[in-house]
Structures are given as structure tokens and as C-alpha cells.
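**Q** All I have is the shape, not the residue letters:
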């Protein structure tokens, strides 16, 4: 990691802390960009080199460059394995009301679904479900844990 | 399943003397000097005592009913029940003719006395409310019911006293339905729980096999609407808690959530999410007609009707962030009403019609607050790490909500509990539950 990048990450983390204004402890710089999780702690793989999940910024459902890359890998794998159907699960962190988070999870899952569809995966093969904030993968109450929980996860349905 | 209304309570008015108010309790402000009140144990004759021992295996029901009343009065924050050890007069004599000097001596301003009898396996409870300083009876009532209903008798007595002294309906003969939670945060088991307003008689309505969320009472009967992930299809359900019969509400090709009844109990209003967009719909429970109320590419959720059914408040992020809006019940005249700093969610219209309670997130803290229906007069009642989902007591004086604690660095220390707070911002209290709990919904008064 060059100096420039370290500086940039530090600034981004500082910004994330300001944005959340509840930054309980320092976040290790390598694992978040803005407040989007970039680590691999919780990531599982649909196949070798095909990560199962993408991460979102607080209150957002916009796909980052890295998320789009992950979803393109999923699309490629799905095209090769045309008998496999998937469920895209949308999730939110614990810092929002239950009802709004259910809607937000649905929005995130659909953002991932739409992207897979633009890469040639038929809508018939993709179902979505939102769990809102009810199924966190990390039980911590800090910005890093929350960033791991703001996610959509692609799961094999058959 | 539970049977709530098999035995109706029979109300008999005893000689009503002096119907003009003597003592008065002002509930519109934070009550820093609660009214000193003496709740005498209800008297119980020997024969009734023996009968009750057989029927309920209880030694002294007179005393136990008075404890229910005393506890309710204390929790309201408006009354200060005095220590029974200081009472000079015996319960049976006090009930006939209190020696007011004795009660004035211990600084009681009001006195409650009563008598319990059991005849032919029927429980009869009478009580009197006395103004100690004016040396007058304010109210006298008697109830007949089955013995197993004894706690409800205590709640109804409290409602009558509350109403007589404050001029407003009480909220004690009510129930709370909520989500009972157990297990670690990442694998939480959630069930529907129901209990009396004071935390007694807890029962579970689902087994915990599927995720359930946001139960809400029908304001007119004992039906409940909630979200269930049965077969991994998140849908709004309607449940009859007397029969246990449940059904999916409507036939939507996607997730339905955030349900609530209309004030007349005839419609369910909820969100339906499709292709990343949530809008508000209603379904008429009689003719099953579904109507779309909002049509906007943003998230529209958490709808709640005004008590006259003419308006709906709801949560939308159409401005870019979560804010509170109101509209006519047909979906026209949408107006944003929240303009303070932060994000706003879960608006709920007060049963009195004048206020909307909400959850607010600002600078990493969660608040429960109220604002007038035009968005003016915002008042934050309580601040914490995480709390949300207020529900009004049927008289619109108290809010119940849930609060979650922060987990520590090891991911431990998480809890979810029910809390209540007065509209005044005073009298914040933990509402005890057997398990962790969230999403409380307050029922209407079970009897009037």
C-alpha cells in the first residue's frame, strides 16, 4: 500500500466517522472504503473465485465498482451453470427502524438482481428476499460490524 | 387457545354519592408530586377464604387484588400508594365506615377499600373510593365474575379510580402483544408474545419456527395483524387470538410488511415491496378489495391512520432521507411534516388525534418523540443508543416502545427490552417481560 492510498483511506475513514458521528472505536483502515466494507472476513464463495456477497454504504443501495465486479463474476458463473437458480437476500445494519430496513433490504437485493439481469441472467432464475436487520452476520455495535451487515448475499436455491 | 371474553364481567353500581370531583389529579403535566393514596387490602370473610383456597389455591385474594391495584397506580406515576404497615384500620371496618382522621394522619388523600366474597363459585368484588380530607365517598362499584378473572378485576378497579380522579379513561385492563426474542443476535428466535399490561399472564402465540415481526392489535376486537416469514415468504398475516386461526392478508406477489388496522378495524394498511420499491396498500377485510394508496419510486412504509380514519401518516424517503408525511386516506394531498435535523421513522397517530409519535435518528442517537399533526411542536421524550416503534396506550397518555443495548467488543451484552414513558416525558419505566422483547403494541381497553 503506497503512502497516497493510506492517506486516502485514513481520510475516508475519518469521513465515515463524521458521517456516522457514533464512531465508537477506530476502524482498521484496510477493511472499509467510505463506510462500505471491503474486507473478506464474512465472504463465502459460490464457486472458486466467485464471492457470494456485496456491501453497501449506510442507507444506500448503489452498487460500488467492487460490487459490480463481484456480481459480474456471479453472472458469468450462473451462465455456465444454467440449471442453478438463486435467491438474493437483502440485509441492513441495526441502525435503522425495523420496517424501513425491511424495505431497504428489498431495495438492495433488487439492485443486485437488476445488475445480474443486465448480464444476461433471466429474472425467472432469481428470487429476492429481504431480512431487513433481522439476520446480522456480525453482532458487534460498531461501524465495521455494521458495514459487514449492510449486504446482499446470493444463495443457491436448488 | 386463550379465551378472553367467555366470562363477561357484570358491573353493579352501588349507591353513588357525591358525583362532583373532590380530589383531582392533573395528568397533562409531569407529575412531580404523586397523590398519596392508601389501598387497603380488600376484606375477605372466612367462608369465602375457604372457597378460594379450593378454587384458586389462594390464601388471601383480597390482599392480592389490592396489590394489583396498588402496583398499577404506582406505575402510572400519578399516585403514591402508601405503605400498608402504617394502616391503622382493619379492612372490613374501613370498608364500612373509614375513620378519616386515621387515614389523614398517615397523609393519605384518597383511600380505596373493598370486600371479596365467593358465592356459588362466583367471585364478587366490591370497592369504594374515599376522599379522606373531605371525609366523603367518591365512588362505589361491585363486579361479579369467575374467580380466575381476579387480576382483571384489579385492573378494572384501577381504571375506574383513574377515570374518577383524572377525568380520563384508564389503560389498565389492556394487553400488550410483542415479539419475544431469545438467543444470540445473529441467530435470534422470535415469537409472538402476549401479556397483561402489567407483565402478568404471558402466553406465546407462535412457536418460533419462523421469523415474526411487528404485531398490531385491531382496536375493536382481539384480532392481530403481523409479519411472518412462514415458508420464507414474508407476508402480512391476520390472526384471531381467540381461535388461533390465521390467514395471509391478500395475494401479493412479493413481501408485504408494516401492517396496521384502520381505526374501525375493517381494513389493514401495509407496505408491499416489489422490484425494490415499497408502496402503501390497504385491504378491506370484508370484501377483500385491495387498494393502492401511494405510487412513488421511493420507500413508503410504516403507515398509521388518524383516529377518524380520514388521514394517514407514513414514512418515506422520497426527499432522499426518511421523513414523516401525511396524506388523505385516498392517497391525495401528500405533505411532508418532519423538518427537524435527522431521520424520522415509525409515525403513529395518537388515539386522541392531536399528536404523532415517532422514532428519530440524529447524530448516532435514537429518540422517541411527538409532534403535532402539522409537524409543529416537536418534543423529544427520551434518548438512547437504540430505541424505536412507539405504540400509544388507548387513552393517548403513555407510549410503549423497545430499546436495544449496544454489544461490547466481543459482540456480547445485547438485549432488547420494552419501556414505557408518559407523554409528558416523565415516568420512564422498564416493562418486565419473561424474555427479551421488541415491537410492542398496546390493545384497546378490554372492558369499558
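**A** Sure, I can see it. Keep in mind that what you see is a predicted model, and the values were worked out from it rather than measured.

**Q** Pull out the buried residues from the lengthiest helix in chain A.
**A** Longest helix in chain A, counting residues (DSSP state H): helix A:98-118. Across helix A:98-118, burial judged by 16 or more other C-beta atoms under 10 Å in any protein chain shown covers A:98-116. C-beta: built from backbone N, CA, C; applies to glycine.

**Q** any bit of stretch B:166-177 sitting next to chain A?
**A** No - applying C-beta under 8 Å from any C-beta of the partner chain, one finds stretch B:166-177 separated from chain A by no less than 15.2 Å.

**Q** list the buried ones in that stretch?
**A** For stretch B:166-177, the neighbour count (16+ other C-beta under 10 Å) marks B:166, B:169, B:170, B:171, B:172, B:173, B:174, B:175, B:176, B:177 as buried.

**Q** Span of that stretch from start to end?
**A** End-to-end distance for stretch B:166-177, by C-alpha to C-alpha, to the nearest Å: 27 Å.

**Q** Repeat that for stretch B:206-218.
**A** Span of stretch B:206-218 from end to end, C-alpha to C-alpha: 18 Å.

**Q** Residue numbers of chain A in contact with chain B?
**A** Checking chain A against chain B by C-beta under 8 Å from any C-beta, the hits are A:20-22, A:24-25, A:59, A:61, A:94-100, A:102-104, A:106-107, A:109-111, A:114, A:129-132, A:134-142, A:145.

**Q** If we ignore the residues flanking it in sequence, what's nearest the spatially most central residue of chain A?
**A** By C-alpha atoms, centre = their mean, the mean C-alpha position of chain A lies nearest to residue A:55, the distance being 1.8 Å. Distances taken as C-beta to C-beta, 6 or more residues apart in numbering or on different chains put residue A:37 closest to residue A:55, at 4.1 Å, once the chain neighbours are dropped.

**Q** I'd like to know the beta-bridge partner residues of the one you found.
**A** Taking DSSP bridges, one finds residue A:32 as the beta-bridge partners of residue A:37.

**Q** Help me confirm that the residue nearest to the centre of chain A comes into contact with residue A:38.
**A** Yes - Residue A:55 lies in contact with residue A:38 (C-beta atoms under 8 Å); the separation is 7.4 Å.

**Q** now whichever residue of chain B sits closest to chain A: how far from residue B:317?
**A** Nearest residue of chain B to chain A (C-beta to the nearest C-beta) works out as residue B:364 at 2.7 Å. Here residue B:364 is placed at a distance of 19 Å from residue B:317 (C-beta to C-beta, to the nearest Å).

**Q** These two: which has the busier surroundings?
**A** Set residue B:364 next to residue B:317 and count neighbours by other C-beta atoms under 10 Å in any protein chain shown: residue B:317 wins out with 21 against 16.

**Q** what stretches of chain A score poorly on pLDDT?
**A** Applying pLDDT under 70 to chain A picks out residues A:1-29.

**Q** now with 80?
**A** Scanning chain A for pLDDT under 80 picks out the ranges A:1-30.

**Q** Can you tell me, leaving aside adjacent residues, what's nearest to residue B:135?
**A** Once flanking residues are discounted, residue B:135 sits nearest to residue B:100: 4.4 Å by C-beta to C-beta, 6+ apart.

**Q** Please name the residues that touch that neighbour.
**A** B:130, B:132, B:133, B:135 (C-beta atoms under 8 Å, 6 or more residues apart in numbering or on different chains).

**Q** now the strands for chain A?
**A** Assigned by DSSP state E, the strands in chain A fall at A:32-33, A:36-37, A:45-47, A:50-51, A:53-55, A:86-91, A:126-132, A:151-156.

**Q** ok, and what's touching the fifth one?
**A** With contacts defined as C-beta under 8 Å, 6+ apart, strand A:53-55 is touched by A:36-38, A:42-44, A:63-64, A:66-67, A:70-71, A:112, A:147-148, A:150-154.
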